[in-house]
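In: predicted model follows, preceded by the sequence.
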Amino acid sequence: EAQVTQNPRYLITVTGKKLTVTCSQNMNHEYMSWYRQDPGLGLRQIYYSMNVEVTDKGDVPEGYKVSRKEKRNFPLILESPSPNQTSLYFCASRSNGQGGLPQHFGDGTRLSIL
Amino acid sequence: GNSVTQMEGPVTLSEEAFLTINCTYTATGYPSLFWYVQYPGEGLQLLLKATKADDKGSNKGFEATYRKETTSFHLEKGSVQVSDSAVYFCALSSRTGNQFYFGTGTSLTVIP
């Protein structure tokens, strides 16, 4: 089954404690992306990656890091989480190509930073 | 820059009512436009898309037409069902397809 898998689904942690949210896709997609969803703001793009070792900033990259060492994985790293990063996070992937290709989304990771 | 403005919710309709959710956009170049749907506890799923002016996307009775002259992509359905209750997001992708911009989402509840 084609899917994007995120882990963990839920995490409560404390300010300053480094954390990583993993994202893996089994569709051989070149493009992967991270979003955060906040009430009244919709989804905002954090980082995206066009392929292995190629990453770029989205609209809200501050406080986040990503890496793309393998095609299937695109982890999101919070080196020193703060309460304003409490949010619902989604990973997505799609094939490269023109802008009309839709993304496939994971089921989300709810992070609470105390 | 690029942005999407979406009708505020929540929207509550009776079953078989007509649905319209308004979406307008600002973009440089020629973006692709999407409607995604999110059911509780799940990620977003593509509902329909349009990649150029005057294209009509359709799926599961939902339709939206890419209107360049009014920079709009309104979502419509002639007769909603209880199972259509969800949050709907309008989105656009940049001309290169690398960056995506979403509206704030519209929560729809359909009551029997």
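Out: All right, it came through fine.

In: contact partners for the spatially most central residue of chain A?
Out: Nearest to the geometric centre of chain A sits A:W34, at 2.8 Å (Cα atoms, centre = their mean). Neighbour list for A:W34: A:23, A:45-48, A:58, A:64, A:66, A:74, A:76, A:89-92 [criterion: Cβ atoms under 8 Å, 6 or more residues apart in numbering or on different chains]. All C-beta spots, glycine's among them, are computed from the backbone N, C-alpha and C.

In: what number of residues lie near the closest residue to it other than its chain neighbours?
Out: Leaving out its chain neighbours, the residue that sits closest to A:W34 by Cβ to Cβ, 6 or more residues apart in numbering or on different chains is A:I46, at 4.4 Å. Neighbourhood size, A:I46 [other Cβ atoms under 10 Å in any protein chain shown]: 24.

In: A:T86: neighbour count?
Out: 16.

In: which residues touch it?
Out: With contact taken as Cβ under 8 Å, 6+ apart, A:T86 is in contact with A:111-113.

In: how does it look with 6 Å?
Out: For A:T86, the contact set (Cβ atoms under 6 Å, 6 or more residues apart in numbering or on different chains) comprises A:112-113.

In: what does the one 4 residues further on give?
Out: Contacts of A:F90 were listed using Cβ under 6 Å, 6+ apart, and they are A:35, A:105-106, A:108, B:43.

In: neighbour-wise, which of these leads?
Out: With neighbours taken as other Cβ under 10 Å, the top of the contacts of A:F90 is A:Y35, carrying 27 neighbours.

In: for the longest strand seen in chain A, which strands pair with it and how are they oriented?
Out: Criterion DSSP state E: the longest strand present in chain A is strand A:42-51. Its sheet considered, strand A:42-51 pairs with strand A:31-38 (antiparallel), strand A:54-57 (antiparallel) by DSSP bridges.

In: now, of those strands, which is deepest in the fold?
Out: When the strands paired with strand A:42-51 are scored by mean count of other Cβ atoms under 10 Å in any protein chain shown, the highest mean neighbour count falls to strand A:31-38 (a mean of 24).
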